[in-house]
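**Student:** just the structure for this:
(2 chains)
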Amino acid sequence: MAIEVRIPTILRNYTDGAKAVSAEGATLEELISNLEAAHPGIKERLVDDGSLRRFVNVYLNDEDVRFLGGLGTPVADGDTVTVLPAVAGG
Amino acid sequence: MLSISQELVDKIVAHARADHPDEACGVIAGRNGVPERFIPMENAERSPTFYRFDSMEQFRVWREMDERDEEPVVIYHSHTATEAYPSRTDVSYASEPNAHYVLVSTRDENEVEFRSYRILDGEISEEEVRFLP
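**Tutor:** Take a look at the predicted model:
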(Lines give C-alpha, C1' and ligand atoms only; values in the text may rest on other atoms or scores of the structure.)
Protein backbone atom coordinates (compact mmCIF):
# COMPACT_ATOMS: atom_id res chain seq x y z
CA MET A 1 0.00 0.00 0.00
CA ALA A 2 1.00 3.56 -0.49
CA ILE A 3 -0.37 7.04 -0.05
CA GLU A 4 -2.66 8.43 -2.69
CA VAL A 5 -1.93 12.01 -3.67
CA ARG A 6 -4.70 13.87 -5.50
CA ILE A 7 -3.34 16.41 -7.94
CA PRO A 8 -5.23 19.58 -8.97
CA THR A 9 -5.73 20.41 -12.66
CA ILE A 10 -3.08 23.11 -12.64
CA LEU A 11 -0.33 20.70 -11.49
CA ARG A 12 -1.23 17.78 -13.74
CA ASN A 13 1.41 18.83 -16.25
CA TYR A 14 3.86 17.35 -13.73
CA THR A 15 2.00 14.02 -13.56
CA ASP A 16 1.36 13.38 -17.27
CA GLY A 17 -2.23 14.41 -16.72
CA ALA A 18 -2.87 11.97 -13.86
CA LYS A 19 -5.49 13.11 -11.32
CA ALA A 20 -3.92 11.00 -8.60
CA VAL A 21 -0.53 9.43 -8.10
CA SER A 22 0.86 7.30 -5.32
CA ALA A 23 3.89 8.04 -3.22
CA GLU A 24 5.51 7.01 0.02
CA GLY A 25 6.95 8.65 3.09
CA ALA A 26 6.57 8.85 6.85
CA THR A 27 5.86 12.58 6.89
CA LEU A 28 4.36 15.00 4.42
CA GLU A 29 7.83 16.39 3.80
CA GLU A 30 9.20 12.95 2.85
CA LEU A 31 6.16 12.28 0.71
CA ILE A 32 6.73 15.51 -1.22
CA SER A 33 10.41 14.68 -1.71
CA ASN A 34 9.43 11.29 -3.11
CA LEU A 35 6.87 12.96 -5.35
CA GLU A 36 9.58 15.27 -6.62
CA ALA A 37 11.79 12.30 -7.56
CA ALA A 38 9.02 10.87 -9.75
CA HIS A 39 7.59 14.21 -10.94
CA PRO A 40 10.43 16.75 -11.06
CA GLY A 41 9.36 20.33 -10.53
CA ILE A 42 6.28 19.63 -8.44
CA LYS A 43 7.95 20.29 -5.08
CA GLU A 44 8.68 23.90 -5.91
CA ARG A 45 4.98 24.45 -6.55
CA LEU A 46 4.11 23.16 -3.08
CA VAL A 47 6.97 24.23 -0.85
CA ASP A 48 8.78 27.52 -0.51
CA ASP A 49 11.68 28.10 1.83
CA GLY A 50 11.01 25.01 3.92
CA SER A 51 7.29 25.43 4.46
CA LEU A 52 4.10 24.96 2.51
CA ARG A 53 3.32 27.73 0.08
CA ARG A 54 0.77 30.10 1.49
CA PHE A 55 -1.66 29.74 -1.38
CA VAL A 56 -1.56 25.97 -1.64
CA ASN A 57 -3.88 23.93 0.55
CA VAL A 58 -2.81 20.40 1.44
CA TYR A 59 -5.20 18.06 3.19
CA LEU A 60 -4.47 14.78 4.93
CA ASN A 61 -7.65 12.76 4.54
CA ASP A 62 -10.26 15.34 5.70
CA GLU A 63 -8.00 17.78 7.53
CA ASP A 64 -6.02 20.81 6.41
CA VAL A 65 -2.40 19.95 7.33
CA ARG A 66 -1.92 23.53 8.55
CA PHE A 67 -4.01 22.50 11.56
CA LEU A 68 -2.03 19.27 11.97
CA GLY A 69 1.72 19.72 11.73
CA GLY A 70 2.42 21.28 8.35
CA LEU A 71 5.23 19.52 6.50
CA GLY A 72 6.06 17.49 9.62
CA THR A 73 2.62 15.85 9.67
CA PRO A 74 2.99 12.07 9.86
CA VAL A 75 1.42 10.16 6.99
CA ALA A 76 0.82 6.44 6.62
CA ASP A 77 -0.14 3.82 4.08
CA GLY A 78 -3.76 4.10 3.11
CA ASP A 79 -3.93 7.86 3.71
CA THR A 80 -5.08 10.25 1.03
CA VAL A 81 -3.33 13.57 0.54
CA THR A 82 -5.23 16.17 -1.49
CA VAL A 83 -3.62 19.27 -2.97
CA LEU A 84 -5.87 22.22 -3.87
CA PRO A 85 -4.61 25.64 -4.85
CA ALA A 86 -6.31 28.24 -2.68
CA VAL A 87 -8.94 30.27 -4.48
CA ALA A 88 -8.03 33.83 -3.63
CA GLY A 89 -7.47 37.27 -5.04
CA GLY A 90 -8.08 40.90 -4.42
CA MET B 1 -17.57 33.09 -24.36
CA LEU B 2 -19.54 32.49 -21.17
CA SER B 3 -23.19 31.52 -21.54
CA ILE B 4 -25.01 31.80 -18.23
CA SER B 5 -28.64 31.94 -17.17
CA GLN B 6 -30.05 35.22 -15.93
CA GLU B 7 -31.12 33.41 -12.76
CA LEU B 8 -27.50 32.55 -11.89
CA VAL B 9 -26.37 36.07 -12.75
CA ASP B 10 -29.01 37.47 -10.40
CA LYS B 11 -27.82 35.16 -7.61
CA ILE B 12 -24.20 36.24 -8.03
CA VAL B 13 -25.18 39.92 -8.03
CA ALA B 14 -27.43 39.46 -4.98
CA HIS B 15 -24.57 37.79 -3.10
CA ALA B 16 -22.17 40.59 -4.05
CA ARG B 17 -24.68 43.25 -2.93
CA ALA B 18 -25.38 41.43 0.34
CA ASP B 19 -21.69 41.25 1.30
CA HIS B 20 -20.82 44.79 0.16
CA PRO B 21 -18.53 46.52 1.24
CA ASP B 22 -16.65 43.23 1.72
CA GLU B 23 -15.82 41.17 -1.34
CA ALA B 24 -18.12 38.21 -2.02
CA CYS B 25 -16.95 35.01 -3.70
CA GLY B 26 -18.22 31.67 -4.88
CA VAL B 27 -18.44 29.02 -7.54
CA ILE B 28 -20.90 27.86 -10.17
CA ALA B 29 -20.43 24.14 -10.66
CA GLY B 30 -21.44 22.35 -13.81
CA ARG B 31 -20.58 19.80 -16.45
CA ASN B 32 -19.21 20.24 -19.95
CA GLY B 33 -18.58 23.90 -19.32
CA VAL B 34 -22.24 24.66 -18.55
CA PRO B 35 -22.69 26.62 -15.29
CA GLU B 36 -25.55 25.10 -13.27
CA ARG B 37 -25.20 24.90 -9.50
CA PHE B 38 -24.76 28.09 -7.48
CA ILE B 39 -22.41 27.72 -4.51
CA PRO B 40 -21.82 30.93 -2.53
CA MET B 41 -18.60 30.64 -0.50
CA GLU B 42 -17.52 32.35 2.66
CA ASN B 43 -14.84 34.97 2.19
CA ALA B 44 -12.46 33.83 4.92
CA GLU B 45 -10.71 37.22 4.72
CA ARG B 46 -13.94 39.26 5.26
CA SER B 47 -12.21 42.12 3.54
CA PRO B 48 -13.15 44.92 1.13
CA THR B 49 -9.90 44.36 -0.81
CA PHE B 50 -9.18 40.64 -0.66
CA TYR B 51 -10.94 37.31 -0.82
CA ARG B 52 -9.98 33.76 -0.06
CA PHE B 53 -12.14 30.65 0.12
CA ASP B 54 -12.15 29.03 3.56
CA SER B 55 -9.86 26.01 3.12
CA MET B 56 -12.17 23.45 4.72
CA GLU B 57 -15.24 24.73 2.89
CA GLN B 58 -13.27 24.59 -0.36
CA PHE B 59 -12.24 21.00 0.39
CA ARG B 60 -15.86 19.92 0.96
CA VAL B 61 -17.15 21.72 -2.12
CA TRP B 62 -14.36 20.41 -4.38
CA ARG B 63 -14.92 16.86 -3.14
CA GLU B 64 -18.66 17.18 -3.72
CA MET B 65 -18.05 18.44 -7.28
CA ASP B 66 -15.72 15.49 -7.84
CA GLU B 67 -18.37 13.03 -6.67
CA ARG B 68 -20.97 14.61 -8.95
CA ASP B 69 -18.54 14.68 -11.85
CA GLU B 70 -18.75 18.47 -11.90
CA GLU B 71 -16.10 21.13 -12.26
CA PRO B 72 -15.84 24.76 -11.15
CA VAL B 73 -17.17 26.29 -14.39
CA VAL B 74 -17.35 29.80 -12.94
CA ILE B 75 -15.34 31.28 -10.08
CA TYR B 76 -16.76 34.66 -9.14
CA HIS B 77 -15.88 37.46 -6.79
CA SER B 78 -16.75 41.08 -6.37
CA HIS B 79 -14.81 44.30 -6.36
CA THR B 80 -16.50 46.78 -4.12
CA ALA B 81 -14.69 50.01 -4.94
CA THR B 82 -13.09 49.41 -8.32
CA GLU B 83 -14.07 48.18 -11.77
CA ALA B 84 -14.88 44.56 -12.59
CA TYR B 85 -11.43 43.83 -13.99
CA PRO B 86 -8.92 41.32 -12.53
CA SER B 87 -6.41 42.85 -10.14
CA ARG B 88 -2.78 41.86 -10.04
CA THR B 89 -3.49 39.56 -7.09
CA ASP B 90 -6.40 37.97 -8.98
CA VAL B 91 -3.98 37.09 -11.76
CA SER B 92 -1.22 35.80 -9.53
CA TYR B 93 -3.52 33.41 -7.63
CA ALA B 94 -5.66 32.27 -10.56
CA SER B 95 -5.33 28.51 -10.36
CA GLU B 96 -8.21 26.96 -12.29
CA PRO B 97 -7.16 27.06 -15.95
CA ASN B 98 -10.56 25.86 -17.19
CA ALA B 99 -12.69 28.28 -15.18
CA HIS B 100 -14.42 31.44 -16.29
CA TYR B 101 -13.38 34.11 -13.79
CA VAL B 102 -16.40 36.34 -13.27
CA LEU B 103 -16.01 39.75 -11.70
CA VAL B 104 -18.83 41.87 -10.42
CA SER B 105 -18.42 45.45 -9.30
CA THR B 106 -20.72 46.85 -6.64
CA ARG B 107 -19.07 50.29 -6.51
CA ASP B 108 -22.20 51.85 -7.98
CA GLU B 109 -25.40 51.32 -6.00
CA ASN B 110 -27.62 51.22 -9.06
CA GLU B 111 -25.51 49.93 -11.92
CA VAL B 112 -23.89 46.55 -11.84
CA GLU B 113 -20.85 45.54 -13.85
CA PHE B 114 -20.69 41.82 -14.67
CA ARG B 115 -17.70 40.68 -16.75
CA SER B 116 -15.94 37.40 -17.45
CA TYR B 117 -12.31 36.47 -18.11
CA ARG B 118 -10.00 33.60 -18.71
CA ILE B 119 -6.80 33.86 -16.72
CA LEU B 120 -4.03 31.59 -17.98
CA ASP B 121 -0.31 31.78 -17.22
CA GLY B 122 -0.62 35.33 -16.01
CA GLU B 123 -2.54 36.48 -19.10
CA ILE B 124 -6.02 38.00 -18.85
CA SER B 125 -8.44 37.62 -21.73
CA GLU B 126 -11.87 39.13 -21.42
CA GLU B 127 -14.67 37.18 -23.04
CA GLU B 128 -18.19 37.93 -24.15
CA VAL B 129 -21.01 37.03 -21.73
CA ARG B 130 -24.26 35.74 -23.16
CA PHE B 131 -27.19 36.00 -20.75
CA LEU B 132 -29.66 33.16 -21.26
CA PRO B 133 -33.30 33.54 -20.25
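
**Student:** could you use CA atoms for every contact and neighbour count after this?
**Tutor:** Fine.

**Student:** B:E64 and B:E36, how far apart?
**Tutor:** Plainly put, B:E64 is 14 Å away from B:E36 if you go by CA to CA, to the nearest Å.

**Student:** same drill for the two, tell me which one is more crowded.
**Tutor:** B:E36 (18 against 14; other CA atoms under 10 Å in any protein chain shown).

**Student:** how about the contacts made by the closest residue in space to that one that isn't next to it in sequence?
**Tutor:** Excluding the flanking residues, the one nearest B:E36 by CA to CA, 6 or more residues apart in numbering or on different chains is B:G30, at 5.0 Å. Contacts for B:G30 were tallied using CA atoms under 8 Å, 6 or more residues apart in numbering or on different chains; they are B:E36, B:R37, B:E70, B:E71, B:P72, B:V73.

**Student:** do you know the pLDDT at the third one?
**Tutor:** The model reports B:E70 with a pLDDT of 96.

**Student:** before we move on, what about the second one?
**Tutor:** Looking at B:R37, its pLDDT is 98.

**Student:** and it, that one's in a strand?
**Tutor:** Yes. B:R37 forms part of a strand when assessed by DSSP: H, G, I helix; E, B strand; the rest coil.

**Student:** so B:D108: helix, strand or coil?
**Tutor:** coil.

**Student:** check what pLDDT it gets.
**Tutor:** Value listed for B:D108 in the pLDDT field: 96.

**Student:** any idea how far it is from A:V56?
**Tutor:** 34 Å.

**Student:** of these two, which one has the most company?
**Tutor:** A:V56 (18 against 12).

**Student:** can you name the residues bridging to the more buried one?
**Tutor:** Residues in a beta bridge with A:V56, per DSSP bridges, are A:P85.

**Student:** next up, the contacts around it.
**Tutor:** So A:V56 contacts A:L46, A:V83, A:L84, A:P85, A:A86 (CA under 8 Å, 6+ apart).
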